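Trainee: sequence and predicted structure are below.
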Amino acid sequence: MNYQAINLSEKLSLFNEYWQPKIVGEFNGHDLMVVKVKGEFNWHRHDDTDDFFLVLKGNLTIQLQDGDAHLGPGELYVVPRGVEHCPLASEEAHILLIEPKGVPNTGDIQTAAVKEAI
């Protein structure tokens, strides 16, 4: 049994690349991931799962076809399954993501980032 807390700031200090989620833990078959983002990602959707974003630092806009969700530190947004969206951060932001294990971050396994545990 592991009784060690996961320090998200420490985990985020271990890498510099953007849009490359890093697995920091697991929860009921879901990956708990941190990611650094800057600029625009790509328009995509997840047909089988919702997409969870919690901003830890900075600001994130989730662009949607019918409007945008603007998030600051401590705010979260869940994109419903099947809804096309495109995350955007004009400055570096740090995000916590929760996804079912194996879900590609682009919605397409062919273009998804390889997720590694740190």
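Mentor: Cool, the structure landed.
Trainee: would you map the strands across the protein?
Mentor: Listed in chain order, the strands of the chain (DSSP state E) span 22-27, 30-40, 51-57, 60-64, 67-71, 76-79, 85-100, 116-117.
Trainee: got the ones you listed as TSV, with distance to F15, mean neighbour count and mean pLDDT columns?
Mentor: For the C-beta atoms, the positions are set from N, CA and C on the backbone; glycine is no exception. Below are the strands of the chain laid out as TSV (distance: least, C-beta to C-beta, whole Å; neighbours: other C-beta atoms under 10 Å; pLDDT from 0 to 100):
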stretch	distance to F15	mean neighbour count	mean pLDDT
strand 22-27	6	15	95
strand 30-40	7	19	96
strand 51-57	14	19	97
strand 60-64	18	19	98
strand 67-71	22	14	97
strand 76-79	22	16	97
strand 85-100	11	19	96
strand 116-117	9	10	88
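Trainee: any chance of JSON lines for those, columns distance to L12?
Mentor: Formatted as JSON lines, the strands of the chain follow (distance: least, C-beta to C-beta, whole Å):
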{"stretch": "strand 22-27", "distance to L12": "8"}
{"stretch": "strand 30-40", "distance to L12": "5"}
{"stretch": "strand 51-57", "distance to L12": "8"}
{"stretch": "strand 60-64", "distance to L12": "15"}
{"stretch": "strand 67-71", "distance to L12": "17"}
{"stretch": "strand 76-79", "distance to L12": "17"}
{"stretch": "strand 85-100", "distance to L12": "5"}
{"stretch": "strand 116-117", "distance to L12": "14"}
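Trainee: quick one: closest of the ones you listed to I6.
Mentor: strand 22-27 (5.4 Å; C-beta to C-beta).
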